[in-house]
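[1] need a 3D model of the following:
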Amino acid sequence: MVGAIAFARRTWRDKGGTARSAAGTVEQRPLRRDAEVNLSRILLAARDVFAEHGYEASMEEIALRADVGVGTLYRRFRTRPIFSTPW
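    So this is what the prediction gives:
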């Protein structure tokens with residue numbers, strides 16, 4: 001029985017950084033300081049790039065403007081529709 005209790009307390013993180021327990025509950029961990037800064041830079045860059053080039057602007061242009069890698073951008077925003085939500 002002890003093994004079952006220990007298993008129920010284990011958590012793992014998916015690619016989005018969300019902690020998931022064996023029981024299926026979801027816990028969102030706070031962002032690291034550098035991740036907060038990158039997120040802020042991405043959102044500001046996306047706003048500016050979309051204002052200048054329209055919604056057809058490339059994700060690469062947003063990453064370049066935010067001074068982050070394209071992988072960082074896609075890790076946080078896998079698809080473009082997330083940017084269509086007003087902030």
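[2] helix, strand or coil for Thr72?
    For Thr72, the assignment made with DSSP: H, G, I helix; E, B strand; the rest coil gives helix.
[3] my read: it touches Arg41, true?
    No: in this structure, Thr72 is not within contact of Arg41 by CB atoms under 8 Å, at 9.6 Å. Backbone N, C-alpha and C define where each C-beta goes, glycine included.
[4] what's the first helix or strand after the one helix or strand Leu44 maps to?
    Here Leu44 sits within helix 33-53, counting by DSSP states H and E. Scanning forward in sequence from helix 33-53 by DSSP H and E, the next helix or strand is helix 59-66.
[5] can you show me the CA trace of that following helix as CSV?
    Coordinates of each C-alpha in helix 59-66 appear next as CSV, following Å, rounded to 0.1, in the frame of the first residue of the first chain:
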residue,chain,number,x,y,z
MET,A,59,6.2,33.9,-36.4
GLU,A,60,9.9,34.3,-37.3
GLU,A,61,9.5,38.1,-37.5
ILE,A,62,7.9,38.1,-34.1
ALA,A,63,10.7,36.1,-32.6
LEU,A,64,13.3,38.3,-34.3
ARG,A,65,11.6,41.5,-33.0
ALA,A,66,11.3,40.0,-29.5
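[6] who's in contact with that helix?
    Identification of contacts with helix 59-66 by CB atoms under 8 Å, 6 or more residues apart in numbering yields 38, 41-42, 44-46, 48-49, 53, 69-70, 72-74, 77, 80.
[7] mind redoing it with 10 Å?
    The contact list for helix 59-66, computed with CB atoms under 10 Å, 6 or more residues apart in numbering, reads 38-50, 52-53, 57-58, 68-74, 77, 79-80, 83.
[8] now swap in stretch 67-82 and tell me
    15-17, 31, 35, 37-39, 41-43, 45-46, 50, 55-60, 62-64, 66, 83.
[9] surely Ile78 is in a strand?
    Rather than Ile, residue 78 is Arg. No: using three-state DSSP, the assignment for Arg78 is coil, not a strand.
[10] burial of it, as a residue count?
    By the measure other CB atoms under 10 Å, the count of residues near Arg78 is 11.
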